[in-house]
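# Structure here, sequence nowhere to be found:
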Ligand SMILES: Cc1cc2nc3c(=O)[nH]c(=O)nc-3n(C[C@H](O)[C@H](O)[C@H](O)COP(=O)(O)OP(=O)(O)OC[C@H]3O[C@@H](n4cnc5c(N)ncnc54)[C@H](O)[C@@H]3O)c2cc1C
């Protein structure tokens, strides 16, 4: 059996700069394996070790996804091999398009019992890809999975969300999106980094996958940040006690203190 | 020469950045305040494969190239210079000396222990009367029927407070000069070894710096590292690579201080605008960025020469001579940008200023690097 981890080579948001107008400048953000995907790879490694499955990384994207660094950075986190689908047509792929390509690649790989994903992609964060992928594959999909255990009869899962906690059993195949805190992914060790260079990487484009996209990707035109509500009030701080009293009075007036609350 | 890191080196850097941020940085201020070595980090560094980066896989190490090791030191020093020098002395001075000059039994015995962090290494060359003039050392190892008897004193020995094995340089014949010096592997538990109280220092306060006293310490013949009379060559060979490591430590300290200063300048508002908009601050930042980049080129080039088997003593000395003073300048510029806050322990920059200074002194002072460089230039 194969366990696939779908991961994205995406710009690291920690290196993005948010301007005063709320616009995000991604130009200096270098791509990386996101912390969400690192969780999926770490859980995948545990399941593959428990089940004897091969752990395959699958990444879909534009030409940058084809950089050897992209595959090696994911392989160093514990994958056994990598399949990259890189095509200029996928440079701006949205969740629906990405899921369609992932589904075709999973089918091409064959013998896949489980697809794991991170909680969301770091750059878009739509949280749609796992569900649409499961739709294409006609498999079960569960998100916010906080723990997975492999046993010979199937998988036992835990899901935790604001709404509560669930314990489930499941027979593969399935698509599982791991909660961000499911495990603390280990930092790739030096031996893992060197081993990654020797692991197999296979690369395909859309033509080789024999795939026609359902439609052109949906492009994000703008995502304006909500304007901060600034009053521009300056409190004279010459007398700290008076200044503090005025600050408290203004906050109470706006209902921002506990005073008078039930 | 533009410097392109390989994919593996990029991943090593990213891994070490993540490790340093999560495991090393949170301890740095405390280690400094308490003058306490980062013992709790040793098993984590071993698990990550950092302690064995200079040790090949057959001996349990990760066996990366030297440039990767230098990247690791840079990333550690960016957040904690104390942790960086602990690793540098252990993996560079000690492990590489054993790897290059040890016999099979010594390599098999020590290298796996060093890679796993079960033994930490220390390198004992300096004496009260022999600092820059290391060949003037007077510690004696006299031959006796069972091996050698060691007598003498070493000072300023990094990692000495907890190291399990010491590379000790001692005179094996009464003749003066480097040819009468030999190197020995001395286990901590040998009777006759006393370890002094840790020095209280200006910077790298968490680093253990101690004196060693050898009082009729008996060594078997098998403790001799390399040939009789080869000790000075072993020490100089270790220090060549070590200098690139210390240059990387200086580079990392400078980078850390630079990042603190840039972040501060963007958010500190004076005269109605972030101070980053003031030309006086911009020029400081521009100079810091340029100096760091220049230092990085020298450090990576020295490490790369070492990896490619080219002569690198001169390149390592240049990297150290440039990066030590550069780190002092950059950390002080960073402190200036932080103003009064920079002078307080609430920010890491004052520590970085104190930590930077030692990189101009140990493993050869600036003046000694100039001697090495001039000797090569005027040959
Ligand atoms: C924190 C710390 C950790 C250390 N760790 C170790 C360690 O692990 N192992 C070890 O063996 N040693 C270690 N040392 C020792 C260190 O390497 C020496 O301090 C250093 O080499 C300088 O020697 P010195 O202090 O005796 O200074 P000196 O040699 O006395 O030098 C004093 C001054 O004279 C200058 N000078 C000396 N000779 C010349 C010359 N020929 N031309 C021009 N100028 C000259 C020097 O550059 C310096 O400015 C450590 C020192 C410190 C402070």
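The structure has been received and is ready for your questions. No experiment lies behind these values; they were computed from the predicted model shown. Numbering: from 1, shown residues only, chains lettered A, B, ... in the order given.
# any idea how far the residue in the stretch 151-262 of chain A that the ligand sits nearest to is from residue B:62?
Residue nearest to the ligand within the stretch 151-262 of chain A (CB to the nearest ligand atom): residue A:190, separated by 23.9 Å. Glycine gets a C-beta too; all of them are placed from N, C-alpha and C. For residue A:190, the distance to residue B:62 equals 3 Å [CB to CB, to the nearest Å].
# so what sits against both of those two?
B:49-50, B:52-53 (CB atoms under 8 Å, 6 or more residues apart in numbering or on different chains).
# so which of the residues you listed also contact the ligand?
Among these, not one lies near the ligand by CB under 6 Å from any ligand atom.
# from the residues you listed, which single one is nearest residue B:351?
The closest of these to residue B:351 turns out to be residue B:50 (CB to CB; 21.9 Å).
# count of residues packed around that closest one?
Applying other CB atoms under 10 Å in any protein chain shown, we find 32 residues neighbouring residue B:50.
# what's the helix or strand for the closest residue to it other than its chain neighbours?
Distances taken as CB to CB, 6 or more residues apart in numbering or on different chains place residue B:72 nearest to residue B:50, at 5.5 Å, with adjacent residues excluded. In this assignment (DSSP states H and E), residue B:72 forms part of helix B:66-79.
# What of residue A:243?
helix A:240-253.
# and that helix, what does it pack onto?
Applying 3 or more CB pairs under 8 Å, 6 or more residues apart in numbering or on different chains; DSSP states H and E, we find helix A:240-253 packed against no helix or strand.
# how does chain A divide up, domain by domain?
A:2-209, A:230-262 (automatic domain parsing).
# worst average pLDDT in those?
Ranked by mean pLDDT, the domains of chain A bottom out at domain A:230-262, with a mean of 80.
# Tell me which residues of that domain come out buried.
By 16 or more other CB atoms under 10 Å in any protein chain shown, domain A:230-262 has no buried positions at all.
# any idea how far it is from the chain center?
Chain-centre distance of domain A:230-262: 41 Å, with CA atoms, centre = their mean, to the nearest Å.
# Kindly report the same for stretch A:42-52.
With CA atoms, centre = their mean as the basis, stretch A:42-52 stands 19 Å off its chain's centre.
# Stretch B:220-234 too?
Between the centre of stretch B:220-234 and the centre of its host chain there is 23 Å, according to CA atoms, centre = their mean.
# Relative to chain B, which residue of chain A is the closest?
residue A:190 (3.1 Å; CB to the nearest CB).
# check contacts around residue B:78.
Taking CB under 8 Å, 6+ apart, we find residue B:78 in contact with B:17, B:20, B:252-253, B:255-256, B:259.
# measure it to residue A:245 for me?
Distance, residue B:78 to residue A:245, using CB to CB: 45 Å.
# Which residues are in contact with residue 81?
The chain I'm using is chain A. A:54-57, A:75, A:199-202.
# think we crossed wires, I meant chain B
Contacts of residue B:81 by CB under 8 Å, 6+ apart are B:203-204, B:249, B:252-253, B:352, B:355-356, B:358.
# contacting residues for residue 192?
Since no chain was named, I'll use chain A. A:76-78, B:49.
# wait, I meant chain B there
Residues near residue B:192 by CB under 8 Å, 6+ apart: B:150, B:214-218.
# Kindly list the main-chain dihedrals of it?
Torsion angles at residue B:192 (phi, psi; degrees, to the nearest 10) stand at phi 100, psi -10.
# hmm, the lengthiest helix in chain A touching chain B?
Identified as the longest helix of chain A according to DSSP state H is helix A:35-51. No: using CB under 8 Å from any CB of the partner chain, helix A:35-51 stays clear of chain B, coming no nearer than 9.2 Å.
# Wondering if the helix or strand harbouring residue B:258 reaches the ligand at all.
Using DSSP H and E, residue B:258 sits within helix B:231-267. No: using CB under 6 Å from any ligand atom, helix B:231-267 never reaches the ligand; the gap is at least 8.2 Å.
# With stretch B:141-161 instead?
Yes: Stretch B:141-161 is in contact with the ligand by CB under 6 Å from any ligand atom, via B:156-158.
# which stretches of the stretch 151-262 of chain A form strands?
A:154-161, A:164-170, A:174-178, A:201-204 (DSSP state E, counting those that start in this stretch).
# Determine which stretch of those is the most buried.
strand A:174-178 (a mean of 27; mean count of other CB atoms under 10 Å in any protein chain shown).
# can you give me the offset of that one from its chain's centre?
Remark: strand A:174-178 is offset 12 Å from the chain centroid, using CA atoms, centre = their mean.
# what number of residues lie near residue B:310?
10.
# Residue B:67 too?
Neighbours of residue B:67 (other CB under 10 Å): 26.
# Next, find the distance separating it from residue A:49.
From residue B:67 to residue A:49 the distance is 32 Å (CB to CB).
# And for residue A:27?
Applying CB to CB, the value for residue A:27 to residue A:49 is 40 Å.
# swap in residue B:204?
Residue B:204 is 41 Å from residue A:49, by CB to CB.
# cool, and residue B:13?
Look at residue B:13 and residue A:49: by CB to CB, they are 28 Å apart.
# Residue B:152 too?
53 Å.
# Please identify which of these two sits among more neighbours.
Counted by other CB under 10 Å, residue B:152 and residue A:49 do not tie: residue B:152 has more neighbours, with 21 against 12.
# Disregarding residues adjacent in the polypeptide, which is nearest to that one?
Per CB to CB, 6+ apart, closest to residue B:152 is residue B:139, 2.8 Å.
# Contacts only, for the one you found.
For residue B:139, the contact set (CB under 8 Å, 6+ apart) comprises B:127, B:150-154, B:168-171, B:214.
# Nearest to residue B:33 among those?
The nearest one, if we look at the contacts of residue B:139 relative to residue B:33 and count by CB to CB, is residue B:154, at 27.5 Å.
# Just checking: what are the partner strands of the helix or strand hosting that closest one?
Here residue B:154 sits within strand B:147-158, counting by DSSP H and E. Strands that pair with strand B:147-158, judged by DSSP bridges, come out as strand B:140-144 (antiparallel), strand B:209-220 (antiparallel).
# State the mean pLDDT of that strand.
Rounded mean pLDDT across strand B:147-158 is 98.
# what does chain B put close to the ligand?
Neighbours of the ligand within chain B, by CB under 6 Å from any ligand atom: B:89, B:123-126, B:131-132, B:156-158, B:201, B:209, B:358, B:361-365, B:367-368.
# In strands only, show me those residues.
Residues of the residues of chain B next to the ligand located in strands (DSSP state E): B:123-124, B:156-158, B:209.
# Top of these by number of neighbours, please.
residue B:124 (30 neighbours).
# Could you say which helix or strand holds the residue lying closest to residue A:134 once chain neighbours are set aside?
Using CB to CB, 6+ apart and skipping the chain neighbours, the partner closest in space to residue A:134 is residue A:141 (3.3 Å). Taking DSSP H and E as the criterion, residue A:141 maps to strand A:140-151.
# Tell me which other helices or strands that strand touches.
When contacts are defined as 3+ CB pairs under 8 Å, 6+ apart, strand A:140-151 sits against helix A:35-51, helix A:129-137, strand A:154-161, strand A:164-170, strand A:174-178.
# The third one vs strand A:174-178, what angle?
Okay, so that is strand A:154-161. Direction vectors for strand A:154-161 and strand A:174-178, defined by axes from the mean of the first three to the mean of the last three CA atoms, to 10 degrees, enclose an angle of 40 degrees.
# cool, and the second one?
If you take the same axes, to 10 degrees, helix A:129-137 sits at 180 degrees to strand A:174-178.
# Now helix A:129-137: buried residues?
A:129-130, A:132-134, A:136-137.
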